[in-house]
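Visitor: can you look at this prediction? I've put the sequence above it.
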Amino acid sequence: MPSWSHLLSSIAISYLFLQGSASSVKGKPSTKGAAKKSGKRDGTVKYEVWGSDQSNSVPGITSPGTKGGFVWIWNSTQVDTQIDGDGDAVPMTCTPTQANGPCNILDVFPQGLVDSATGLTLAELPGFGRLHSIIQDPFGKYTAASLFVPGGGYVGIIDTNTKQAIGLFRVTGFTFEGQTTSARSVHMCIWSADGKALLVSNLNGKAIERIDITRNNQNVITDLQFNKAATMGLGRNMAVAEEASVFSGPNAFGVNLIGSVVGSYEDADLGDVTPNGVCKENGCGTAPDGEAGGRPNNLPICPITSSNGLVYSTLAGGGLIILDSSTTPMAIVGEYGNRVVYGAGCGGVQKNNQVFLNAGVAASGAGATQSMFAVVSFDDTQYTVSRPQNTPMPVRVFQDAGNTMTGGNIEGGIVANESGQLPGLTTRRDSHGMTVAGDYIHAVDRIQNVIESFHVDTYERTTYDLESLTGTNGRTGAASKCFQRSVLDDADLILNDPAPDLLETSPDGEYLMVAFRGPVPVSVEHGGQGSCPGVGIVQVLEDGKSGKLLDVLRSTNTVDTHVPGDIPGGIAYKGAERSDIHGAIVVAK
């Protein structure tokens, strides 16, 4: 098991910060909670910080992110202790046999669990790895863990109080135009606002699937049903190759998992055409492509749910599908082309009746020369019935002037950006991850190490950085704690490079907890290399308008012994660190 202690650095490095940020503000702490200028708070609001580590949790694996993963959990008392300078936060355990964390996902979901479809144990099946995200339910009682190895397709549910696994499913394997063998993977899962459903992005299978949830009057889950009939296919000429399945057997505490698979794929929507009579995905042959560029590649990226029971599904090639998640099968009530909603968006939040979505660079190799930062806003009240194409139009909140003409964007004339990902040198941008703090949404730039905040009513933009002590000086000022927490076993690795990713706001509104990537990024290698893997603690300033990095809850993994290849646009890292935190959440206690 990896050590939880961090590494300290003693060598100063500075680089030029990205020029032209929208605005800067002085570091006045938020007035919403009890934070002082030191970053301290009164500690009356208790919570846990959860980080999902994509790296392998066993040695001897030759490929990155293919076996296991780690859940890093720190309670707020430990977080406060670290912020106060009284020692590093110690991660919690998830099993009865270990004193401390991190939690090996192979222990949380024991390898003796049995698959209903094949009769094989989890140990005998491929693809149980790459812990891409952990998302909590509306009540903070459970989390959904997405294992993202292509061909794997696993989603597990964990009790946040006991840390016990309660259910494990494997999503449907599909074939479709251009894919003749079974394809499936779980990129991200998100809960419905009422907690009665878990919506699953089956990325490689080009489908959104649903797990129906039964709870008692204390919101404790009593049953889990993978509903085959609810499925919405997004590809062309789709067919079921391998049916969804559920796992049975005891968890790490000896308690049997729950769950079943119900319904029929005959009732699912696996057709090629939307209610408006156009192709779900361009080139279906039985209908015209959608307007405004249509949807050229419908790998579903990140489903975002709303208070009205809708699912906003961003797509790899751009465009958007909005689903009513309450019907069986789920029904398309809104559709947009990729000239309106650009591709590769993964980050969205709801504030009042607005649903904000971002767009970023492609995760594939094509993304290595892309630059994209865009934000749009939808009125969530407008989809009570199925709407015509691209109706109503969203608000364009922000479009970076340096966006390349990719993912549906045809503005600006920039075909490619070959500046790589090294801090201080690259001009590329990649919007990824979003949260709400007060009346502001905060959207991460994974490459530039900045966060953009937007007022939810005026859309006023403020830029603050994660590289400087103040959040306003970039790489020219005194460095943030990422510098001191950086990996030091390769002299070529640029220090003070947070590479921020998915994030969430603490219940008291004082902090943003931000996933920081590692020197060997498992996914999006061309934009995800960082030097201080873990979870960044960002103090919220100016009532949500800005922020600054206070410290890093460092993660580490030297159990993973795979030999990394080249990092496109980055440093060919030669050290031993493999930790790669892709997502962070904050669970109220």
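Guide: Great, that's in hand.

Visitor: what is the mean pLDDT for stretch 234-252?
Guide: When pLDDT is averaged along stretch 234-252, the result is 99.

Visitor: wait, I meant stretch 511-526
Guide: For stretch 511-526, the per-residue pLDDT averages 98.

Visitor: just the buried residues of it, please?
Guide: 511-526 (16 or more other CB atoms under 10 Å). From N, CA and C alone the C-beta is placed, and that goes for glycine too.

Visitor: do me a favour and get the end-to-end distance for that stretch?
Guide: 28 Å (CA to CA, to the nearest Å).

Visitor: how about stretch 101-120?
Guide: Span of stretch 101-120 from end to end, CA to CA: 29 Å.

Visitor: list the buried residues of that stretch.
Guide: Those would be 101-110, 113-116, for stretch 101-120 by 16+ other CB under 10 Å.

Visitor: so what touches the lengthiest helix in the chain?
Guide: Identified as the longest helix of the chain according to DSSP state H is helix 76-83. Identification of contacts with helix 76-83 by CB atoms under 8 Å, 6 or more residues apart in numbering yields 39-41, 43, 45-49, 87-90, 506, 537, 550-551, 553, 589.

Visitor: now Ala165: how far from Lys589?
Guide: 19 Å (CB to CB, to the nearest Å).

Visitor: neighbour count: the two, which is higher?
Guide: The neighbour comparison of Ala165 against Lys589 (other CB atoms under 10 Å) goes to Ala165, with 25 against 13.

Visitor: now do the contacts for the nearest residue to that one once chain neighbours are set aside.
Guide: The shortest distance from Ala165 to any non-neighbouring residue, by CB to CB, 6 or more residues apart in numbering, is to Asn251 (4.3 Å). Contacts for Asn251 (CB under 8 Å, 6+ apart) come out as Val108, Phe109, Pro110, Gln164, Ala165, Ile166, Leu257.

Visitor: the closest residue to Val450 other than its chain neighbours: neighbour count?
Guide: The shortest distance from Val450 to any non-neighbouring residue, by CB to CB, 6+ apart, is to Asp465 (4.8 Å). Asp465 is flanked by 26 other residues according to other CB under 10 Å.

Visitor: then Asn217?
Guide: Asn217 has 5 neighbouring residues, counting by other CB under 10 Å.

Visitor: and the furthest pair within the contacts of Asn251?
Guide: Greatest spacing in the contacts of Asn251, by CB to CB: Pro110 and Ile166 (13.1 Å).

Visitor: who touches stretch 178-186?
Guide: 127, 132, 146-155, 170-176, 200-206, 235-236, 241-242.

Visitor: tell me which stretches of the stretch 351-500 of the chain form strands.
Guide: 354-359, 374-379, 395-399, 431-437, 440-445, 450-455, 461-465, 500-505 (DSSP state E, counting those that start in this stretch).

Visitor: same question, the stretch 201-350 of the chain
Guide: Using DSSP E, counting those that start in this stretch, strands in the stretch 201-350 of the chain cover 207-215, 221-227, 232-233, 239-242, 245-248, 260-262, 300-305, 310-315, 320-324, 331-336, 348-351.

Visitor: can you tell me which of these is most buried?
Guide: Mean neighbours per residue, mean count of other CB atoms under 10 Å, is largest over the strands of the stretch 201-350 of the chain for strand 232-233, with a mean of 28.

Visitor: how distant is that strand from the center of its chain?
Guide: Distance of strand 232-233 from the chain centroid (CA atoms, centre = their mean, to the nearest Å) equals 21 Å.

Visitor: neighbours of Thr391, how many?
Guide: Neighbour tally, Thr391, other CB under 10 Å: 12.

Visitor: next up, the contacts around Pro275.
Guide: Ala331, Ile332, Ser386 are the contacts of Pro275 under CB under 8 Å, 6+ apart.

Visitor: how many other residues sit next to the nearest residue to Asn219 once chain neighbours are set aside?
Guide: Closest residue to Asn219 apart from its sequence neighbours, by CB to CB, 6+ apart: Phe139 at 4.6 Å. Phe139: 16 surrounding residues under other CB under 10 Å.

Visitor: three-state assignment of Phe139?
Guide: Put simply, Phe139 is coil when judged by DSSP: H, G, I helix; E, B strand; the rest coil.

Visitor: could you report the pLDDT at it?
Guide: pLDDT, Phe139: 98.

Visitor: again, but for Val262
Guide: Looking at Val262, the pLDDT reads 99.

Visitor: could you give the bridge partners of it?
Guide: Counting by DSSP bridges, Val262 is bridged to Asn227.

Visitor: check contacts around it.
Guide: Contacts of Val262 by CB under 8 Å, 6+ apart are Asp212, Gln225, Phe226, Asn227, Lys228, Ala229.

Visitor: is it correct that the fourth one is in contact with Arg210?
Guide: Yes: contact between Asn227 and Arg210 holds when scored by CB atoms under 8 Å: they sit 5.3 Å apart.

Visitor: no more questions from me, cheers.
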